[in-house]
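Engineer: Mind looking at a prediction? Sequence and model below.
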Amino acid sequence: MKHEIKTLITQAVSTLKTSNTVPAELEPNIQITRTKDSSHGDFACNIALMLAKPAGKNPRELAQLLVDALPANDQISKVEIAGPGFINFFVSQDTTLSVVETILNLGDTYGLSNIGAGRKVQLEFVSANPTGPLHVGHGRGAAYGATVADLLEAVGFDVHREYYVNDAGRQMDILATSVWLRYLQQCGVDVPFPSNGYQGDYVIDIANTLLAKHDRNLEHPVAAVMDGIPADEPAGGDKEIHIDALIQRAKTLLGDDSYLQVFDAGLNTIIADIRDDLKAFGVEYDEWYSERTLAHRGLIKQAIDRLQKANYIYEKGGALWFKSTEFGDEKDRVVVRDNGQTTYFASDIAYHMDKLERGFDRVIDVWGADHHGYVPRVKAALQALGDDADKLDVLLVQFAVLYRGGEKVQMSTRSGSFVTLRELRDEVGADAARFFYVMRKCEQHMDFDLDLAKSQSSDNPVYYIQYAHARICSVMRQLVEKGLSHDVAIGQANLSKLTEPHELGLLNALAKYPEIVEKSALSEEPHQLAHFLRDTANELHTYYNAHQFIVDDADIRNARLNLIQATRHVLHNGLKLLGVSAPETM
RNA sequence: GCCCCGAUAGCUCAGCUGGAUAGAGCGUCCCCCUCCUAAGGGGAAGGCCAGAGGUUCGAAUCCUCUUCGGGGCGCCA
């Protein structure tokens, strides 16, 4: 409907252009908005206010000219000029009511569209280092990324969901070494555990499976492990130097093959765990992209070569630097260290180069807001490579802080006692977690109230919406118990009897749903859908309290049942897009 | 020091990308089940949209400055 009114206005404007009432060169941005107040009709357009000045007319006068030039349309029952010069449109009753039939026909597909026209979008999200279980901070990125992906798919984009696995680099060596040291401890070797190692119990679990598989074949005496290793921090040394020495020692004593086995035992166990965890959270990927393969396929070298050929690489202090400052970054960045190893950034350049070469029309990265400083250099690299950096959008997600009993829940990765995503799911359930995470704009800091997420009351928006859905299902069960049935055709024929304010409010909400989905998707703002569903649930509950659905008059009864069934579809479809279940009983 | 995000009711947040009288929920106070789930509904009170300038027909929304929060500024990943 919105689009149709826009078309009408566009035609009216061009009519005025041909009569020279409005300068022909104007290309106005026509905005049609839903009104807040029903006395202003259903839709409003502010075009006359915007064109008044360039056309040299007063807004109300111009509005009248536009209204006069408006083509006839039987879906519009009335057009009014109001206030300073708004053009208000009143939609005909038939059009208002037709949404019910549309929804009942389309069912699960109501709200889907094809604005994306099959354009390929790659969406990378979570991509947490596989050095331990996901924690609650990752949960927000997971819920947000998955929902944006589903929304984009709903409006017709071809979405590719990807997890970038950081399976190379020093952090992974620290993990492998941590696993091996725990393994040695399980063997009874009295080695100290480094302060900078991964402290979590899951490392011990991995060590135990390693022990079960390899018996004591990876064991070395404590002297061989620790002799000549610089002191750890608590002993007055440097924890970084200490752990690096231990990594080297592990590689030397184990040899390449055994070291890789320890490394992969850690990596594979954790990746499998992350995959299960996300799956239980309703989040699945099309691809798990390995950082290691970038090097194996020569992509890192290829990327650096291309930058070199384009003259954006120079040598300083034994390292190779990328001139990212030429593209607005605040300083140049190292891509190859003086020890010959490429940096994480070099991998990321190669990864993003590869993303664009895979033919996506658009590439979206969902990152934690703490990585925001990283955006300019990645964009700089794409520009330097001659790729279209505008195809890349980075969505930054702010932190979520958990509250329990009004107190901030302390998190500490260091001690290994952080709150994991799994613990969160166990505590509040996947539905509440998914909903709460997307209830806020992503750039908004979030207070996640665990008690509220758990509470089964109207305070909790998840239950409130789910309850509206369950209530409708319950009404349908009651109908059967009373020996009645729902006749959709009779309901359809009597829709015009739905004239109560509650019914009109609900009809309005249902008609708005496709616009909400479109807008949530295109602006990457799932919270708009979350808020819409809450409002729609409210309309339903209000209606439920004010009116009886199962009434004696079969005409009104079936018309109302059509309306609430349509509402049920919208709630169901919307919740599904948010990754939340729509239970039939509660 | 530089950069990013935020500041709206007592609390947690919306505000449809510049429009009509700034909205929800919670909390507080009053009210509604012999009736389809009270996991619900109705009503009341509650606001200098952090502050100051600017842009224009019109600003919570856009620009500048200030104040206060959160985060980031490695040859770590």
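Structural biologist: Structure received. Numbers count the residues shown, from 1 in each chain, chains lettered A, B, ... in the order given.

Engineer: Can you get me the start-to-end distance on stretch A:450-460?
Structural biologist: 11 Å (Cα to Cα, to the nearest Å).

Engineer: Can you list the buried residues in that stretch?
Structural biologist: By 16 or more other Cβ atoms under 10 Å, the buried positions in stretch A:450-460 come out as A:450, A:452-453, A:460. Just so you know, the C-beta spots here come from the backbone N, C-alpha and C atoms, and that holds for glycine as well.

Engineer: same check, this time on stretch A:536-554
Structural biologist: For stretch A:536-554, a neighbour-count test (16+ other Cβ under 10 Å) marks A:536-541, A:543-544, A:549 as buried.

Engineer: May I have the residues that are in contact with the residue lying closest to A:Ile81 once chain neighbours are set aside?
Structural biologist: Nearest residue to A:Ile81 in three dimensions, chain neighbours excluded: A:Ala63, at 4.5 Å (Cβ to Cβ, 6 or more residues apart in numbering). With contact set as Cβ atoms under 8 Å, 6 or more residues apart in numbering, A:Ala63 has these partners: A:48, A:81, A:85-87.

Engineer: Just give me the closest of the residues you listed to RNA strand B.
Structural biologist: Distance to RNA strand B across the contacts of A:Ala63 (Cβ to the nearest atom of the strand) is lowest for A:Phe86, with 3.6 Å.

Engineer: OK, contacts around the spatially closest residue to the closest one that is not a sequence neighbour?
Structural biologist: Of all residues not flanking A:Phe86 in the chain, A:Ala44 sits nearest, at 5.0 Å (Cβ to Cβ, 6+ apart). Going by Cβ under 8 Å, 6+ apart, A:Ala44 touches A:32-35, A:86-89.

Engineer: hang on, the earlier thing: taking the buried residues of stretch A:450-460 one by one, which sit in helices?
Structural biologist: Among the buried residues of stretch A:450-460, the members falling in helices (DSSP state H) are A:450, A:452-453.

Engineer: what's the helix or strand of chain A with the lowest mean pLDDT in contact with?
Structural biologist: Among the helices and strands of chain A, strand A:407-408 carries the lowest confidence by mean pLDDT, DSSP states H and E, at a mean of 78. Contacts to strand A:407-408, defined as Cβ under 8 Å, 6+ apart, come from residues A:401-402.

Engineer: With just CA atoms, put the next helix or strand after that strand into CSV.
Structural biologist: Moving toward the C-terminus from strand A:407-408, the next helix or strand (DSSP states H and E) is helix A:421-428. Extracted C-alpha coordinates of helix A:421-428, given in CSV (Å, rounded to 0.1, in the frame of the first residue of the first chain):
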residue,chain,number,x,y,z
LEU,A,421,26.9,-18.9,26.2
ARG,A,422,25.9,-22.5,27.1
GLU,A,423,25.4,-21.5,30.8
LEU,A,424,23.3,-18.6,29.7
ARG,A,425,21.1,-20.9,27.5
ASP,A,426,20.8,-23.3,30.4
GLU,A,427,19.8,-20.5,32.7
VAL,A,428,17.3,-18.5,30.6
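
Engineer: Now find how far off-centre helix A:421-428 is within its chain.
Structural biologist: Helix A:421-428 has its C-alpha centroid displaced from the chain centroid by 19 Å (Cα atoms, centre = their mean, to the nearest Å).

Engineer: Low-confidence stretches in the stretch 401-550 of chain A?
Structural biologist: The stretch 401-550 of chain A contains residues with pLDDT under 70 at A:411-418, A:458.

Engineer: Over in the stretch 101-250 of chain A, which residue gets nearest RNA strand B? Let me know.
Structural biologist: Closest point on the stretch 101-250 of chain A to RNA strand B, by Cβ to the nearest atom of the strand, is A:Gly169, at 2.8 Å.

Engineer: That residue contacts A:Arg292, doesn't it?
Structural biologist: No. Using Cβ atoms under 8 Å, A:Gly169 is not in contact with A:Arg292; the gap is 9.4 Å.

Engineer: Give the closest residue to A:Ser77 in space, chain neighbours not counted.
Structural biologist: Of all residues not flanking A:Ser77 in the chain, A:Ser92 sits nearest, at 4.1 Å (Cβ to Cβ, 6+ apart).

Engineer: mind checking pLDDT for that neighbour?
Structural biologist: On the pLDDT scale, A:Ser92 is placed at 91.

Engineer: Next, the contact list for it, please.
Structural biologist: Shown in contact with A:Ser92 (Cβ under 8 Å, 6+ apart): A:74-77.

Engineer: Now stretch A:156-175: buried residues?
Structural biologist: A:156-157, A:159-169, A:171-175.

Engineer: so what's whichever residue of the stretch 201-350 of chain A sits closest to RNA strand B closest to, chain neighbours aside?
Structural biologist: Per Cβ to the nearest atom of the strand, A:Gly317 is where the stretch 201-350 of chain A lies closest to RNA strand B, at 2.8 Å. Setting aside the residues directly before and after it, A:Gly317 is nearest to A:Asp338 in space (Cβ to Cβ, 6+ apart), at 6.3 Å.

Engineer: which ones are touching that neighbour?
Structural biologist: Applying Cβ under 8 Å, 6+ apart to A:Asp338 gives the contacts A:317-319.

Engineer: now do 10 Å
Structural biologist: A:Asp338 makes contacts with A:315-320, as judged by Cβ atoms under 10 Å, 6 or more residues apart in numbering.

Engineer: quick revisit: what do A:Gly169 and A:Arg292 both touch?
Structural biologist: Common neighbours of A:Gly169 and A:Arg292 (Cβ under 10 Å, 6+ apart) are A:Ser347.

Engineer: Just give me the neighbour total for the nearest residue to A:Ser485 once chain neighbours are set aside.
Structural biologist: Closest residue to A:Ser485 apart from its sequence neighbours, by Cβ to Cβ, 6+ apart: A:Leu479 at 7.0 Å. Applying other Cβ atoms under 10 Å, we find 16 other residues in the vicinity of A:Leu479.
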